[in-house]
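Student: Need a 3D model of the following:
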Amino acid sequence: MGSPSEISDLVGVAMTPEGIFRKPDTKLRVEPIRCLEAVMPALDTIGYYGRTGFAGQLLHGDQHAQVVQVVAAFSTDAEAAAFREATTGHWRSCQDQQATVTGGRVPLTYALERVESVDSVASVPVSGTASDGTRVPCQHALGSRRNVIIDVRVCAPNVGNKGRDLVAKIAAGL
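Tutor: Numbering: from 1, shown residues only. Presented below is the predicted three-dimensional model:
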């Protein structure tokens, strides 16, 4: 995974990490359910059931900056690639729609845009509204390297392709 200093440099905001978690989140719910995987990484989906390892981390900073990064290992390169392809297909079923996440402090509604896939990395712009009414743009990106999938969501004022950039940085370190 990316280090807090690498992520701070990428996002342009000092990021504070939370502890590393070792299994997908089971508390959050997404409606419509088909958008579960598209909204954010680390939610408990059937796709993660074949994994042999899992680690995730949440980092947050000023200006509503937030990063969720997940790496999950599978038994083979082919299983990781199949996870990436299946998940990208699920994202496409939710593009250009809204999804609501419940189970946290308050329900949050996100707008998902068009899914792109470049160099075997899928990404989708996702934007939500913070509690103070500020629009928060994010990029959710997914890639794989060997038998490991890399699933990240980067939220920052000028997010651009920072999700894709983080996937590339993590992949280069594997």
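
Student: sec struct for the residue located most distally from the centre of the chain, please.
Tutor: If you look at how far each residue of the chain sits from its centre, by CA atoms, centre = their mean, the farthest one is Asp132, at 22.8 Å. For Asp132, the assignment made with DSSP: H, G, I helix; E, B strand; the rest coil gives coil.

Student: again with Asp9
Tutor: Taking three-state DSSP, the label given to Asp9 is helix.

Student: Helices of this structure, start to end?
Tutor: Under the criterion DSSP state H, helices of the chain are mapped to 4-11, 36-39, 77-92, 162-172.

Student: and the last one, how far from the chain's centre?
Tutor: The chain centre lies 11 Å from the centre of helix 162-172; the measure is CA atoms, centre = their mean, to the nearest Å.

Student: and it with helix 4-11, angle?
Tutor: Angle, helix 162-172 to helix 4-11, by axes from the mean of the first three to the mean of the last three CA atoms, to 10 degrees: 140 degrees.

Student: which residues are contacting helix 162-172?
Tutor: For helix 162-172, contacts defined as CB atoms under 8 Å, 6 or more residues apart in numbering pick out 1-2, 6-7, 10-11, 67, 69, 71, 118, 121, 123, 138-145, 150, 152-154, 156. Any C-beta I mention is one placed from the backbone N, CA and C, and that applies to glycine too.

Student: Taking those, please make a PyMOL selection of just the buried ones.
Tutor: Applying 16 or more other CB atoms under 10 Å to the contacts of helix 162-172 leaves a buried subset, and the PyMOL line that selects it is:
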select buried, resi 1+2+7+10+11+67+69+71+121+123+138+139+140+141+142+143+144+145+150+152+153+154+156
